[in-house]
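Novice: 3D, please:
(one chain, ligands or ions: 1)
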Amino acid sequence: MMNMRERYGPWALVAGASEGTGAAFARRLAAEGFDLILIARREAPLRDLADELRRNHGVACVTGSIDLSQADAADRMIALAGERDVGLLILNAGADPNGASFLDGALADWETLIARNVMTTMRACHRFAGPMRARGRGGIMLVGSGACYGGLPGISAYAGSKAFDLVFGEGLWAELKPFGVDVLNLILGRTDTPAHRELMERMGRPFPTDCASADDVAALGLARLPHGPICNWGLADDEGGYAGASAATRRARILQIAAAMAGQEA
Ligand SMILES: NC(=O)c1ccc[n+]([C@@H]2O[C@H](COP(=O)([O-])OP(=O)(O)OC[C@H]3O[C@@H](n4cnc5c(N)ncnc54)[C@H](OP(=O)(O)O)[C@@H]3O)[C@@H](O)[C@H]2O)c1
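Specialist: Next up is the predicted model:
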């Protein structure tokens, strides 16, 4: 049995690492001995986290201030990683900071959200998954939202972007599994993060009392990484709940159709 670092290390890159679930992933991975590449826009919290991880766990940390909504974000991620052997890519940044219905938000803000959640996700997976496939091991985690399962008022563009990530991640899972690379869509419900708290405050809403903790979410995601393509927070693998179809049902569907397609090609 390979341990976590042998399977997904030695370097993990966490995009959206400065706080909340991203920082929780980084802390858990550092405790497992991973060296870390930490990305967000704000430099100060990234530097503080990197210092903490070096001090507490003796791991190497590299930080980069990169705006993931920019067209060159994936190129900058690759440049930051350099020659380092990145075996785990966690794309965590992705919340909707707008808190508005589609027409009440500025089109530019929706474009920014789609650029980060869709275009950069796709580009980063293309850039980082290639070496993983060649090496025959690795992991990719796309941090998603229950919003991926259907449109809802107030989050139309956000839900659409998360639906893209879900379906994209399912396909990647099926394509990369034979090469030893695990892909997981970690689908979250309400989670206690600074970004979530800030949004609720800005909208004048009370902060919900039923939130998951960032650390619990990170622990679940890392534990379920080998069992993709989906892990729904709060639901067992065979429970549909808010997702409609369970993770197990969606997995079985992918495998069934992939087998039928392979049969046609043979
Ligand atoms: N919190 C919830 O209740 C909840 C519910 C369902 C799903 N989720 C999902 O969980 C993930 C984390 O959410 P969150 O609440 O922590 O909020 P978030 O806004 O996704 O923030 C998480 C991290 O991403 C960074 N970030 C945000 N936009 C960025 C950008 N354009 N470029 C680079 N870094 C960026 C933030 O740091 P900087 O500000 O320094 O850049 C922060 O470190 C998201 O994918 C979200 O969709 C959250």
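
Novice: ramachandran coordinates for V59?
Specialist: phi -90, psi 160 (degrees, to the nearest 10).

Novice: can you name the residues that contact it?
Specialist: A30, G33, F34, D35, L36, L53 (Cβ atoms under 8 Å, 6 or more residues apart in numbering). Glycine gets a C-beta too; all of them are placed from N, C-alpha and C.

Novice: quick check: D182 vs I140, distance?
Specialist: Distance of D182 to I140, given as Cβ to Cβ, to the nearest Å: 7 Å.

Novice: er, I37 actually
Specialist: I37 is 14 Å from I140, by Cβ to Cβ.

Novice: just to revisit the earlier point, now do the shared contacts for D182 and I140.
Specialist: L176.

Novice: in terms of neighbours, single out the busier of the two.
Specialist: Taking D182 and I140 together and counting by other Cβ atoms under 10 Å, I140 has the greater number of neighbours (26 against 22).

Novice: still on that earlier bit, mark which of the contacts of V59 are buried, thanks.
Specialist: A30, F34, D35, L36, L53 (16 or more other Cβ atoms under 10 Å).

Novice: okay, the residues you listed in a markdown table with pLDDT, secondary structure and distance to P10 next?
Specialist: Below are the buried ones among the contacts of V59 laid out as a markdown table (pLDDT from 0 to 100; DSSP: H, G, I helix; E, B strand; the rest coil; distance: Cβ to Cβ, whole Å):
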| residue | pLDDT | secondary structure | distance to P10 |
| --- | --- | --- | --- |
| A30 | 98 | helix | 12 |
| F34 | 98 | coil | 7 |
| D35 | 98 | strand | 6 |
| L36 | 98 | strand | 10 |
| L53 | 98 | helix | 14 |
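
Novice: what about the strands in the stretch 101-250 of the chain?
Specialist: Secondary structure of the stretch 101-250 of the chain (DSSP state E, counting those that start in this stretch): strands located at 138-145, 181-188, 191-192, 212-213, 230-232.
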